[in-house]
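*Asks:* predicted coordinates and the sequence they were generated for:
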Amino acid sequence: MDKKNIDWSNIGFGYIKTDKRYVSEYADGKWDDGTLTENDMITMSECACVLQYAQTIFEGLKAYTTKDGNIVVFRPDLNAERLVNSAKRMEMPVFPVDRFINAIEEVVRANEAYVPPYGTGASLYIRPYMFGINPVIGVSPAEKYQFRVFTTPVGPYFKGGVKPLTIKVSDFDRAAPHGTGNIKAGLNYAMSLHAIVTAHKEGFDENMYLDAATRSKVEETGGANFLFVTKDNKIVTPKSNSILPSITRRSLITVAKEYLGLETEEREVYLDEVKDFAECGLCGTAAVISPVGKIYNHGEEICFPSGTEKMGPITQKLYDTLTGIQMGKIEAPKGWIKVID
Ligand SMILES: *Cc1c(COP(=O)(O)O)cnc(C)c1O
């Protein structure tokens, strides 16, 4: 298979149109068979539920080339399950897990020429999503939906080296108790735009959101879960019903326990105790882990001993082990790597 003529190591994280995308439509209580299409445009009513009331959910995962030349995706079954949970919370129809995985396979296969070669650090980002498409003016769930999957090649996350992030404790809230923080819905991102633009204007990379009820506990950033390392090398991750269950974070916990023999703990983490941790990182598909160097909290600065130049030692081990597993250099737990053949 000839690859596209793309400067893989320098493409960044932007949308690049690829050849084929998957679409399945839901109407009269059922999903159609689904198909691949070259048409990247969607035509819908001006009154479509997604446009008026933001009934839309999504997922994000990557396909990449391993050391031995296979094209693989990482734990797509967990993305499928998470989309099921998002759909239920948003009164949307469930797209079956097996069909989700097949759709991912079909789209990646159809866009094989866009899967970056091994060693470039780049990958093919996969975006499954679903939205209500028929006209809805009185507030109610749509009756017609589309489930779609498109792909876009993305460059290496740590281009030009790792630079630990500087983040601020946000004055905005991300998710209400009993709200939608635990599902991957577009609405959670719409309301975070002002907060992230504000943080960037002030010179910060990201926001640390606190729990909305007491504003004393760490939740997550706009698009990644926190992972902390204690001074005696225990991994601590915040527990909350309004955090999005990151697949990367859950995988890193397994890596910490099973591969590195570290103790792990998922519990409420108070902002007051963050200064006592040795390392801090953000977990998500995009970067696996981005180290955090500094947290700014209204005039007070929390600086982690790992500093602002490189990853802390435990963060680095977690990163190397999980990316080693993903790239086929380290044996993966059963079922983690799905080969697209
Ligand atoms: C997608 C997302 C994450 C990261 O999840 P992964 O499955 O690891 O990619 C974390 N937080 C939020 C709010 C997200 O939307």
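*Replies:* Cool, got the structure.
*Asks:* from here on, contacts and neighbour counts on C-alpha atoms
*Replies:* OK.
*Asks:* would you put the C-alpha positions of stretch 281-297 in PDB?
*Replies:* Provided in PDB are the C-alpha atoms of stretch 281-297 (Å, rounded to 0.1, in the frame of the first residue of the first chain):
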ATOM      1  CA  GLY A 281       0.500  14.300  34.700                       C
ATOM      2  CA  LEU A 282      -2.500  14.500  32.400                       C
ATOM      3  CA  CYS A 283      -3.800  11.400  30.800                       C
ATOM      4  CA  GLY A 284      -5.500  11.100  27.400                       C
ATOM      5  CA  THR A 285      -5.300   9.500  24.000                       C
ATOM      6  CA  ALA A 286      -3.600  12.500  22.400                       C
ATOM      7  CA  ALA A 287      -0.400  12.500  24.600                       C
ATOM      8  CA  VAL A 288      -0.700   9.300  26.800                       C
ATOM      9  CA  ILE A 289       0.700  11.400  29.600                       C
ATOM     10  CA  SER A 290       1.700  15.100  29.500                       C
ATOM     11  CA  PRO A 291       3.700  16.100  32.600                       C
ATOM     12  CA  VAL A 292       2.600  19.100  34.600                       C
ATOM     13  CA  GLY A 293       5.300  21.200  36.000                       C
ATOM     14  CA  LYS A 294       3.400  23.900  37.800                       C
ATOM     15  CA  ILE A 295      -0.100  24.600  39.000                       C
ATOM     16  CA  TYR A 296      -1.100  28.200  39.700                       C
ATOM     17  CA  ASN A 297      -3.800  28.700  42.300                       C
END
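*Asks:* could you check how far that stretch is from the centre of its chain?
*Replies:* When C-alpha coordinates are averaged (Cα atoms, centre = their mean, to the nearest Å), stretch 281-297 and its chain have centres 13 Å apart.
*Asks:* in that stretch, which residues are buried?
*Replies:* Of the residues in stretch 281-297, 281-296 count as buried by neighbour count, 16 or more other Cα atoms under 10 Å.
*Asks:* same check, this time on stretch 154-161
*Replies:* Of all the residues in stretch 154-161, those buried under the rule 16+ other Cα under 10 Å are 154-157.
*Asks:* check stretch 244-263 too.
*Replies:* Residues of stretch 244-263 classed as buried by neighbour count (16+ other Cα under 10 Å): 244-249, 251-256, 262.
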